[in-house]
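>>> fold the stuff below for me.
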Amino acid sequence: MLLIPSVAIIVRNEEGEVLLTKDAGFDEWFPPGGGVEPDESPRDAAIREMREETGLVVEPIRILGVYGGKEFRVKYRNGDIVSYVTTVFECEVTSGKMAPDHDEVLDVRFFSKAEVDSMPISQMARIILHDAFNQP
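Here you go, the predicted model:
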């Protein structure tokens, strides 16, 4: 099993909805994010991942939380098992045009809390989004 530092990004629109990406590998919705590269800060990883996956440029505002544990363990199709330690940043969009990269991400959309509550999403995403929707 690998232990990997990662980031997730929470961006809200004017209605309070949260931006999610449809992951190509798992065909599920997640907050944008990914692994922190060697010698990269989590903050810089959040900015890079958001731009790569969604086309949006963001400025991190604050850390919403740091997560890990069994709910953040993922088994990939090739058999690899990864345990993530995820820093979640709330960010503001500063520029860019929202568009999925069509490599890692198939779609990008905003969702309300009610929509997220009724969606089949991973335990990892559910934990992050619960906290995101319940913090001021």
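>>> CA only for contacts and neighbour counts going forward, please
Will do.
>>> tell me how many other residues crowd residue 112.
Residue 112 is flanked by 15 other residues according to other Cα atoms under 10 Å.
>>> looking at the chain, which helix or strand is least sure?
Of all the helices and strands that make up the chain, the one with the lowest confidence by mean pLDDT, DSSP states H and E is strand 73-75; it has a mean of 91.
>>> what's downstream of that strand, the next helix or strand?
The C-terminal neighbour of strand 73-75 among helices and strands, as given by DSSP states H and E, is strand 81-96.
>>> what residues of that next one count as buried?
Neighbour-count burial for strand 81-96, counted by 16 or more other Cα atoms under 10 Å, picks out 83, 84, 85, 86, 87, 88, 89, 90, 91, 92.
>>> which strands and helices sit next to the least confident helix or strand of the chain?
Where contact means 3 or more Cα pairs under 8 Å, 6 or more residues apart in numbering; DSSP states H and E, strand 73-75 is packed against strand 81-96.
>>> the strand it packs on pairs with which strands, parallel or anti?
Taking DSSP bridges as the criterion, strand 81-96 forms sheet pairs with strand 2-10 (parallel), strand 56-67 (antiparallel), strand 73-75 (antiparallel).
>>> give me the contacts around the last one.
Applying Cα atoms under 8 Å, 6 or more residues apart in numbering, the contact partners of strand 73-75 are 81, 82, 83, 84.
>>> thought residue 87 was touching residue 31?
No - using Cα atoms under 8 Å, residue 87 makes no contact with residue 31, being 11.9 Å away.
>>> now do the residue nearest to residue 133 when sequence neighbours are not counted: how many residues are near it, please.
For residue 133, ignoring the flanking residues on the chain, the nearest one in space by Cα to Cα, 6 or more residues apart in numbering is residue 113 at 6.6 Å. Using other Cα under 10 Å, residue 113 is surrounded by 16 other residues.
>>> any idea how far residue 113 lies from residue 107?
Between residue 113 and residue 107 the computed distance is 18 Å (Cα to Cα, to the nearest Å).
>>> and residue 120, which of the three is it?
Classification of residue 120 into helix, strand or coil gives coil, according to DSSP: H, G, I helix; E, B strand; the rest coil.
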